[in-house]
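Undergrad: One predicted model, sequence on top.
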Amino acid sequence: MSIYVGNLSYEVTQDHLNQTFGEYGTVKRVQLPADRETGRMRGFAFVEMSTEAEEAAAIEALDGAEWMGRDLKVNKAKPREERGGSNAGGNWGGGNNRSSRRY
């Protein structure tokens, strides 16, 4: 399982997160997504720790805490939901049904 960390400063780095979450246990992995077009941080991260007890301690201590000028949102990450295709059951015909046209 991993931890979702939201409302992050755009200046945060993986090192910042490793250091802060490392106070509560061993950090196995940090994902800090960046915008594809701008390269700017997106304001959230995922942190994976060695044990659930370490994750719980970090969540308890850091959720709502002020860090780098922002109030953090820290909780268990939810599994990523599958997205449907771009035409998932929708009719993209745009109303061009010839039988309903009047000339």
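TA: That came through fine.

Undergrad: excluding its backbone neighbours, what's nearest residue 14?
TA: residue 30 (4.7 Å; C-beta to C-beta, 6 or more residues apart in numbering). Where C-beta positions appear, they are placed from N, C-alpha and C, glycine not excepted.

Undergrad: So in terms of bridging, what pairs with the one you found?
TA: Under the criterion DSSP bridges, residue 30 forms beta bridges with residue 47.

Undergrad: For it, which residues are in contact?
TA: 14, 17, 18, 21, 45, 46, 47, 48 (C-beta atoms under 8 Å, 6 or more residues apart in numbering).

Undergrad: Help me confirm that the second one is found in a helix?
TA: Yep, that's residue 17 we're talking about. Yes - under DSSP: H, G, I helix; E, B strand; the rest coil, residue 17 sits within a helix.

Undergrad: Now for it: which residues touch it?
TA: Neighbours of residue 17 in contact, by C-beta under 8 Å, 6+ apart: 5, 27, 30, 32, 45, 47.

Undergrad: Show me the helices in this protein, by range?
TA: For the chain, the helices defined by DSSP state H cover 14-22, 52-62.

Undergrad: Out of the ones you listed, which gets nearest to residue 77?
TA: Nearest to residue 77 among these is helix 52-62; the distance by C-beta to C-beta comes to 9.6 Å.

Undergrad: So for the closest one, mean pLDDT?
TA: For helix 52-62, mean pLDDT rounds to 97.

Undergrad: Check stretch 65-80 too.
TA: pLDDT averaged over stretch 65-80 gives 94.

Undergrad: And for stretch 30-47?
TA: On average, stretch 30-47 scores 94.

Undergrad: again, but for stretch 6-23
TA: Rounded mean pLDDT across stretch 6-23 is 96.

Undergrad: burial count for residue 31?
TA: Residues near residue 31, counting by other C-beta atoms under 10 Å, number 14.
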